[in-house]
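coords please:
(2 chains, ligands or ions: 1)
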Amino acid sequence: MVVQERLTLEDKLNILSAAAKFDVSCTTSGVDRGGDGRSLGNTVAAGICHAFAADGRCVSLLKVLMTNECIFECKYCINKASNDIPRATFTPEEVAKLTMEFYRRNFIEGLFLSSGIYPTPQESMERMLAAVKLLRLKYGFRGYIHVKTIPGAEEATINEMGWFADRMSINLELPTGESLKALAPNKSRKTILPPMRFIQNGRKADENRYALTAEPVEFNPSAYESSRRFDKKLPEAGNGGTAVSLKSYPKPRAAMKHFVPAGQSTQMIIGATPENDYQIMSVTEGLYRRFGLKRVFYSSFINVNHDPELPDTADRNGHLSRTLLDREHRLYQADWLLRFYKFSVEDLLTPEKPDFNMLVDPKCDYALRHLELFPVEINRASYDMLLKVPGIGVKSALRIVQARRTCTLDFNDLKKIGVVLKRAVYFITCRNRMLYPVKMTEDNLLNYLIDEDKKPVIGGERLTYKQLNFFDLGMLKMPAGY
Amino acid sequence: MGEGKTKHILLAENSLEGILSAVSYAYKSRYGHEFNKIMIAGEEGTMEFFSEYIDVPSDPDAAGEVYRAIRSKLGLKFLEYIEYCALSCFDDRAEVIYRALILGFANNIDILNYRKADCISRLHDIYKNVQGEVHHWTEFLRFKIHDISELAGMNAVSDGDGSMAEVPGEMQTGIVGGGNAPAVFDEYSSAEQYRQYAANQFLTAVTEPRHRIVSLLLPFFEDRYPSENFLIYDKVHDEAAVFSTGKGGYVAQRVSELQPEIVRIIESDNSENARMSDLWRIFYDTTFIKERENRALQRSLLPLRFRGDMAEHKPRE
Ligand code: SF4
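Residues are numbered from 1 along each chain as shown, chains lettered A, B, ... in the order given. Okay, the predicted model is just below:
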């Protein structure tokens, strides 16, 4: 460990923001809290971006680690204990100062605070809590705060944090317990899932309390737990995740109104371990359904430690490989379908076909594999079915349902109400007529649906659906540049 | 032009009040809407032949009457659209408002959803355009922080009630770090000390918008910074939104002419601002993951014209 004496604030920021950058979740959405007319700050549910980094990602939060000292040895992490790198630790006042002075200049929407584990999980959590309480109580900061839950911290501390933060997240890190064990030997599902469940219960208790009375009452997770049973486990989640504390924790004095009002998120690293998309999405579905998460983030693995046992995911120029980035993109698309389009994982993938199609998006792929359901008649199809039509989004589906109450819709009407027909046109009828006659076969439709830049050319021939599946199986070579 | 009747071009003052005054004039003149056109004085462009140009001065009473009629008959949402439209830079803004009002007053229709009419679909476009710009500036406006003592001895930027510079004498000297008190953001400082530190400062930001949006930015930042004094200066239209804690906000016109001092202060800088910009720059530079570089995406998300005041896009020394 390189010990550095007397680092300036600039030095520390340099080290501790670089150390935090691989955590992808940078959304500020999820909570709309107007100003209170007295102290600094509000939050906006739609999310606000204050800058865009050179990788195109939105920069809206001051994302730093409290410290990059760490006693753990996660193989994917630059801060792992055995790495010989400059280390630094913020004081809580320093974090507060940076947050306040950046916020007042409108550089940021708030703070995203994480930490290495040092000297113990509990002490790391306490240090973050000190910073967050300073901001809320001493400086009257009402902007957005996202804090990582440290696995292994005490429930009482997590509870207190929940009353001052907007969002909390604890990273699942890897899709399966085995991979976690292999890559993050000091972590386990047993230390990750219980805090996740604890916060979920706290949020439920908070909601119930507000549903029943206007006055806050004591937070009692066990009372809540007895009213509802969480008997399902995450696939392969082992035994973790169902343990629920029987102790109750009070709402701290001067706390914010709600417990973790923006909910929880988590992150999984993809491409470091052999899980297929089906496994990953199954875990995601479990997290949404059984743990009530707000978001799951997917982070393409970058082998920062040049660990010879882990895959190298960069291309010759040091950029992440297109294949992995495309896969990440597909996961986000599918994630979207789970959250807003009423799809389940089983609709999208199966154990026999466990990975996403790289040439068409998951929704098109679904349609191609379920041609028996199409075309659907716009004037009759249920809302849920409209959502499954490629090219029709939530907004369009709602507009269709609204508009068809007053009249029978034709293609022109669809255009008028702003439905984009480009893809949808192959899957819908209006008054039982298709816009142009299309043969409803996979091969035929495929050519209309492939992302233009991904169209492989095989001796000038049109691609067939069968060949497409060969691509997926790696039996045909991808065209150059892919 | 109909039966050869001379066209009347009503020249309104450049404000919602001015436009509504002209609308009121048009109704009262009974000249016939089809022979009228409302434009903003000073934006006539090339004179049209066979037209009579009539200056219509702002009339608060007449405009107020129309304003109330809009509110009660056409609704608050529509009123907001009209307000945005009047603040826009499009030279058909007065005419769009005029036509939309004629349509709305004459027919019992859900006016905002009557997109079939050109003036309504145009109104939507203009609203969206202005709203988009407001949103962008809420994200990319940058504030500098000044000590309120810099304002000492000058008249406030105000519309007459002089709120900003009215600071009690004892607060003009820096309490911060003075005497034996610990500095703010020190372990030993108190919440009260921070409160005073902030109360002794004011925030300034400069925008160069296409539309006159400072009055639309004001409510957003009022909600966000209720504990700060701040001023948002629109360099293009030479107007400023001014907010002082506990007193509320207003928009001041012709700032550089009436208050050249404040413009000088806005453009001046101090070491603390420079340090914070540097720190921000450090953060910005380190947060980028080189493996994921995507400049094209960055460019499409942040058009170059917004980059002016953003420390992270300033060329490095
Ligand atoms: S716990 Fe693991 S992931 Fe977190 S800082 Fe330490 S080594 Fe990195």
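
what ranges do the strands span in the chain?
Answering for chain A, as no chain was given. Counting by DSSP state E, chain A has strands at residues A:51-52, A:58-59, A:61-65, A:110-114, A:144-148, A:167-169, A:264-270, A:295-300, A:376-377, A:428-429.

that answer is for a different chain, and I need it for chain B
In chain B, the strands defined using DSSP E lie at B:7-12, B:36-40, B:51-56, B:143-147, B:201-207, B:229-234, B:239-244, B:248-252.

shaky segments in the chain?
Went with chain A since none was named. A:1-5, A:23-32, A:44-48, A:52-57, A:210-247, A:451-482 (pLDDT under 70).

actually chain B
Residues of chain B that meet the cut-off, pLDDT under 70, sit at B:1-3, B:153-181, B:294-317.

longest helix in it, by residue count?
When chain B is parsed with DSSP state H, its longest helix is helix B:118-140.

centre-most residue in chain B?
B:Val214 (1.4 Å; Cα atoms, centre = their mean).

what residues are up against the nearest residue to that residue once chain neighbours are set aside?
Nearest residue to B:Val214, sequence neighbours excluded (Cβ to Cβ, 6 or more residues apart in numbering or on different chains): B:Ala241, at 4.0 Å. (Each C-beta comes from the backbone N, C-alpha and C, glycine too.) Residues near B:Ala241 by Cβ atoms under 8 Å, 6 or more residues apart in numbering or on different chains: B:Val214, B:Ser215, B:Leu217, B:Leu218, B:Phe221, B:Leu231, B:Ile232, B:Gly249, B:Tyr250, B:Val251, B:Ala252.

show me what contacts B:Ser29?
B:His8, B:Asn36.

ugh, wrong one, I meant A:Gln122
Neighbour list for A:Gln122: A:Ile150, A:Gly152, A:Ala153, A:Glu154, A:Thr157 [criterion: Cβ under 8 Å, 6+ apart].

number of residues surrounding the residue in chain B that the ligand sits nearest to?
Distances between chain B and the ligand by Cβ to the nearest ligand atom are smallest at B:Ile289, namely 15.8 Å. Residues near B:Ile289, counting by other Cβ atoms under 10 Å in any protein chain shown, number 20.

that one against A:Ala20, yeah?
No: if you go by Cβ atoms under 8 Å, B:Ile289 and A:Ala20 don't touch, sitting 11.2 Å apart.

still on that earlier bit, columns distance to A:Arg104 on top of the strands of chain B, output as TSV?
Formatted as TSV, the strands of chain B follow (distance: least, Cβ to Cβ, whole Å):
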stretch	distance to A:Arg104
strand B:7-12	39
strand B:36-40	37
strand B:51-56	44
strand B:143-147	6
strand B:201-207	6
strand B:229-234	9
strand B:239-244	13
strand B:248-252	17
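
separation between A:Arg142 and the ligand?
From A:Arg142 across to the ligand, the span is 29 Å (Cβ to the nearest ligand atom, to the nearest Å).

same check, this time on A:Lys133
A:Lys133 sits 22 Å away from the ligand, going by Cβ to the nearest ligand atom.

residues touching that residue, list them.
Residues near A:Lys133 by Cβ under 8 Å, 6+ apart: A:Phe164.

OK, now which residue of the stretch 301-450 of chain A is nearest to chain B?
A:Leu320 (4.6 Å; Cβ to the nearest Cβ).

show me where chain B has helices.
Using DSSP H, helices in chain B cover B:16-29, B:60-69, B:76-87, B:93-106, B:118-140, B:169-172, B:191-199, B:214-224, B:255-258, B:260-267, B:271-286, B:295-301.

so what touches stretch B:211-221?
Around stretch B:211-221, the neighbours that count as contacts under Cβ under 8 Å, 6+ apart are B:84, B:87-89, B:129-130, B:133-134, B:137-138, B:141, B:207, B:230, B:232-234, B:237, B:239-241, B:243, B:249, B:251.

list the buried residues in it.
Within stretch B:211-221, the residues that qualify as buried by neighbour count (16 or more other Cβ atoms under 10 Å in any protein chain shown) are B:His211, B:Arg212, B:Ile213, B:Val214, B:Ser215, B:Leu216, B:Leu217, B:Leu218, B:Phe220, B:Phe221.

my read: A:Asp361 touches A:Gln333, true?
Yes: A:Asp361 is within contact range of A:Gln333, at 5.4 Å (criterion: Cβ under 8 Å).

more neighbours: the two, which one.
Legend: neighbour count by other Cβ under 10 Å for A:Asp361 and A:Gln333, higher for A:Asp361 (21 against 14).

and the gap between the more buried one and B:Ala152?
For A:Asp361, the distance to B:Ala152 equals 62 Å [Cβ to Cβ, to the nearest Å].

neighbours around the closest residue to B:Gly248 other than its chain neighbours, how many?
Leaving aside its chain neighbours, B:Gly248 sits nearest to B:Glu222 (7.7 Å; criterion: Cβ to Cβ, 6+ apart). When neighbours are defined as other Cβ under 10 Å, B:Glu222 has 18 of them.

correct me, but B:Glu222 touches B:Thr245?
No: when contacts are counted by Cβ under 8 Å, B:Glu222 is not listed as touching B:Thr245 (10.0 Å).

neighbours around B:Ala106, how many?
Around B:Ala106 there are 9 residues (other Cβ under 10 Å).

for it, give its distance to chain A.
Separation of B:Ala106 from chain A (Cβ to the nearest Cβ, to the nearest Å): 24 Å.

check the gap between that residue and B:Gly32 for me.
Distance check for B:Ala106 against B:Gly32: by Cβ to Cβ, it reads 13 Å.

same question for A:Lys80.
Separation of A:Lys80 from B:Gly32 (Cβ to Cβ) stands at 81 Å.

which one of those two has more residues nearby?
A:Lys80 (20 against 11).

the more buried one contacts A:Asn68, correct?
No: shown here, A:Lys80 and A:Asn68 do not form a contact pair, counting by Cβ under 8 Å, at 10.1 Å.

show me the contacts for the residue in the stretch 1-150 of chain B that chain A sits nearest to.
Nearest residue of the stretch 1-150 of chain B to chain A (Cβ to the nearest Cβ) works out as B:Phe143 at 4.7 Å. Going by Cβ under 8 Å, 6+ apart, B:Phe143 touches A:Arg104, A:Arg105, A:Asn106, B:Leu203, B:Thr204, B:Ala205, B:Phe230.

okay, now the domains of chain A?
When chain A is parsed with automatic domain parsing, its domains come out as A:1-148, A:170-340, A:362-454.

meant to ask about chain B, not that
Using automatic domain parsing, chain B is parsed into the domains B:7-134, B:141-268, B:274-317.

tell me the residues of the stretch 101-250 of chain B that contact chain A?
Counting by Cβ under 8 Å from any Cβ of the partner chain, the stretch 101-250 of chain B comes close to chain A at B:138-145, B:185-187, B:190-191, B:194-195, B:198, B:203, B:205, B:222-228.

related to what we said a few turns ago, tell me which of the domains of chain A lies nearest to B:Ile265.
Smallest distance to B:Ile265 across the domains of chain A (Cβ to Cβ): 16.2 Å, for domain A:1-148.

centre of the chain to the closest one, how far?
Centre-to-centre, domain A:1-148 and its host chain are 18 Å apart (Cα atoms, centre = their mean, to the nearest Å).

residues in contact with A:Trp327?
Heads up, residue A:327 is Arg, not Trp. By Cβ under 8 Å, 6+ apart, A:Arg327 lies in contact with A:Ile270, A:Gly271, A:Asp277, A:Ser300, A:Phe356, A:Met358.

quick check: the fourth one vs the ligand, distance?
According to Cβ to the nearest ligand atom, A:Ser300 and the ligand sit 16 Å apart.

hey, what's that residue bridged with?
A:Ile270 (DSSP bridges).

B:Asp278: how many residues sit nearby?
B:Asp278: 13 surrounding residues under other Cβ under 10 Å.

A:Tyr118 now?
There are 20 residues near A:Tyr118, going by other Cβ under 10 Å.

that one and A:Cys70 touch, don't they?
Yes: using Cβ under 8 Å, A:Tyr118 is in contact with A:Cys70, at 5.7 Å.
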